[in-house]
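Student: For reference, the sequence and a predicted model appear below.
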Amino acid sequence: MTPRAYARATSCVAGTPLPFAVTGAARVVVTDAITGLVMLRSDVDGPTWTLQVPVSWPSSLYRATFAAAGAVPRIDGAGDDEAWFVVRAAAPVAPILVSVPFATWQAYNRAGVPAEGLYYAEEPTRATAVTFDRPGGGPPPERWEEPLLRWLRAAGYPVEYCSNLDLHLDPAILDAHRTLIVCAHDEYWTWEQRDAVEGFVRRGGNLAVLGANTAWWQMRLEDGGRTMVCHRDATTDPMSTVDPGRVTVEWSSAPVNRPENTMTGVSFRRGAGAWGDGMAVIGQEAFTARFASHWVFDGTGLSDGDKFGQGTLGYETDAADIAEVDGVPRATGRDGTPPSFVVLATADLRHWRRYGQGGAATMGVFDHGAGTVFTAATVNWGKGLSDPVVDRITRNVLDRFCAPLPVAPPAWSGGVGPARSAGPVGPPGPRGPAGDWTVIGPPAELHALTTCDGSFYAVAADGGLLAREACAQNLPWRRIGDAPDVLCLASPREAAGPMRQGLWAVTAAARLCYRDPAFDAAPWTDVTDAPPGTGSLALCDAGLFAGAAGDTLWYLPALELGTGGWRPIGTAGGSVALTTLGGRLYGITGDDRIVSRPPVARPHPFTDVCAAGASRTLTGHAGRLVGAGPGTPLRHRLPPLR
């Protein structure tokens, strides 16, 4: 008789015991499921057996396979004679933590068996609660997670592992890591898991969702985490009258109303699925690159419109609601996708309706608090890692998410004006080390730039006034009028006296002009004189600051706008462009540095902030500096902490 067995926990810490339940006497083989290395052979005398996990065992996914006494345990296939578990690191050091989706594996255990399987979703005899204290509950036959887990080891990434239940039971484990990988098919999440992961990212951790159908169902854990509850129907869940937010339905459904998009950027609601015989279609589909100049695609050689990753899409995908803007996809946010979401690649899978569910796939990245989330948007991402582009994208994401802490730059002493001390460098932002500029738009010949009413405005080399939405998506510029002889642009955060909220400019004739921020041919109005030789302009704290000839910074209070009574307040710090962000002035110097000072109407030194990245014009938006230069793309970055 073949023994049946299960582990009493989905994970344990290296150096601690892990108990098992086993029917009868047996022989057990424990293997590292990622490397295939046999770690232990032993005789077992049920009904219980305790594995004393050596402290030397690496953090990994393990499989214990049991055979009748005297028989040889098999080391492949699947069945009730095996038990899967994770060994967690006793002293975590790896920057990457990989979550293994035991909850999803258990949800599919005994699918279709009345009162024993949580599947199938609409079967009236399905279970509403299942226990982990039973055999089975290992990975599905397709082994969606396995290729990624093996690739991580082979690629040399230092990673450690946890059960996804650990994120509920012991959320503090996240604090020892910089990046969490959610892989393949992690469909069932508790409220506590979501709180833990979203809090981790808000605090500056990064999340790489290398899968799809992520956090589709809310579940609850009971009995100390050994019972998984998922009614799939609010009317039968007793929690409906106690705490409606904990009802076990789809996260996006009432009464929960917490769409998974807020955590992952995407959802299976707009995704696609191919099931059963239709799974053969997986090998026929590919992504289309939509933002090939983004850092995620560095080193891939792709251009917008190129196909990549054939065979990677499936068997389920996630997507965001998007709208095409001048041929570029833009997330609408109507489905809960955050406004910072950047669409990187898409796939039109509407024809999959004949195989399961028609929809799309949306690969993307977005900021969440101090951290960043990347989503691959397909369960099958791991099986696509043999594609060089998929491999490179994965390395780009993990390398950036786990980049070393930055080192403060040396003191700055070049350029015009007094020497400036190096500003302190903050912790790594969501894009990696402080100092990184991220591409958010195509190259253009711009010599003036500002932000107003949720849009970027710029002056092109030919004197055209350009505009586009102020976001991180690679939207094209649209010409909305003319800006003849305009040298610099600025806009106040809010109106102050006669200084209206709109576009302010200085012309080559040293005249200050104003224009409403309309996407039509609004006229420019001449306002007053500007200081001779003005080449940069910023509006802050109800005042105008102009960098002019002789590296002089001039100031004009808004209430004195009609008088033209500019007065010098010290050096402009060598700035060739000025802007405002967070109540400070920022400038670009001629030797490619960003400098800053408070907006006080008296002499004050500029301090060095960071490299300008070849930008020659500058604006601020949503907490970031935004820069562009001749032939360089539009880019943004967080300013380092002072």
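Tutor: Structure's in. What do you need?
Student: Who does residue 228 form a beta bridge with?
Tutor: With DSSP bridges as the criterion, residue 228 is bridged to residue 130, residue 221.
Student: before we move on, what about residue 446?
Tutor: residue 460.
Student: So what's the residue count around it?
Tutor: 25 (other CB atoms under 10 Å). For every residue, glycine as well, the C-beta is placed using N, CA and C.
Student: pretty sure it is in contact with residue 631, am I right?
Tutor: No. Applying CB atoms under 8 Å as the test, residue 446 and residue 631 come out as separate, 9.9 Å apart.
Student: neighbours around residue 343, how many?
Tutor: The burial count for residue 343: 26, using other CB under 10 Å.
Student: Now that it has come up, it's in contact with residue 332, right?
Tutor: No. Here residue 343 does not reach residue 332: they are 10.7 Å apart, not a contact under CB under 8 Å.
Student: list the residues that contact both of the two?
Tutor: 320, 322 (CB atoms under 8 Å, 6 or more residues apart in numbering).
Student: pLDDT averaged over the top helix by length along the chain - what is it?
Tutor: For the chain, the helix with the greatest residue count under DSSP state H is helix 388-401. If you average the pLDDT over helix 388-401, you get 98.
Student: Please name every helix or strand in contact with it.
Tutor: strand 206-211, strand 371-375 (3 or more CB pairs under 8 Å, 6 or more residues apart in numbering; DSSP states H and E).
Student: Would you format these as a markdown table with mean neighbour count included?
Tutor: Below are the helices and strands packed on helix 388-401 laid out as a markdown table (neighbours: other CB atoms under 10 Å):
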| stretch | mean neighbour count |
| --- | --- |
| strand 206-211 | 27 |
| strand 371-375 | 27 |
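Student: Just put those in a markdown table and tack on distance to residue 551 and mean pLDDT.
Tutor: Putting these into a markdown table (distance: least, CB to CB, whole Å; pLDDT from 0 to 100) gives the following:
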| stretch | distance to residue 551 | mean pLDDT |
| --- | --- | --- |
| strand 206-211 | 41 | 98 |
| strand 371-375 | 38 | 97 |
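Student: Distance to residue 156 added to the ones you listed, as TSV?
Tutor: Listed next are the helices and strands packed on helix 388-401 as TSV, based on distance: least, CB to CB, whole Å:
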stretch	distance to residue 156
strand 206-211	17
strand 371-375	20
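Student: show me where pLDDT drops low in this structure?
Tutor: 75-77, 405-435, 642 (pLDDT under 70).
Student: give the contact list for the residue of it positioned farthest from its centre.
Tutor: Taking CA atoms, centre = their mean, the residue of the chain most remote from its mean C-alpha position is residue 70, at 51.4 Å. Each residue near residue 70 by CB under 8 Å, 6+ apart is listed here: residue 27.
Student: Quick one: residues in contact with the helix or strand hosting residue 450.
Tutor: Residue 450 belongs to strand 446-452 when elements are defined using DSSP states H and E. Here strand 446-452 makes contact (CB under 8 Å, 6+ apart) with 456-461, 466, 470, 483, 486-491, 501-503, 505, 517, 577, 579, 616-621, 626-630, 634.
Student: Quick one, which of the residues you listed are buried?
Tutor: 456-460, 466, 470, 483, 486-491, 501-503, 505, 517, 577, 579, 616-621, 626-629, 634 (16 or more other CB atoms under 10 Å).
Student: Among those residues, which ones are in strands?
Tutor: Among the buried ones among the contacts of strand 446-452, the members falling in strands (DSSP state E) are 456-460, 466, 486-490, 503, 505, 577, 579, 617-621, 626-628, 634.
Student: Surely residue 383 is within a helix?
Tutor: Yes. Assessed with DSSP: H, G, I helix; E, B strand; the rest coil, residue 383 lies in a helix.
Student: Name the nearest residue to it, sequence neighbours excluded.
Tutor: residue 147 (4.9 Å; CB to CB, 6 or more residues apart in numbering).
Student: to the chain's geometric centre, what's the distance from stretch 596-606?
Tutor: Averaging C-alpha positions (CA atoms, centre = their mean, to the nearest Å) puts stretch 596-606 36 Å from its chain's average.
Student: in that stretch, what counts as buried?
Tutor: 596-597, 599, 604, 606.
Student: swap in stretch 568-579?
Tutor: Within stretch 568-579, judged by 16+ other CB under 10 Å, the buried ones are 569-579.
Student: what do you get for stretch 469-485?
Tutor: Quick answer for stretch 469-485 (16+ other CB under 10 Å): 470-475, 477, 480-481, 483.
Student: Could you do stretch 219-239 as well?
Tutor: 219-221, 225, 228-232, 234, 237, 239.
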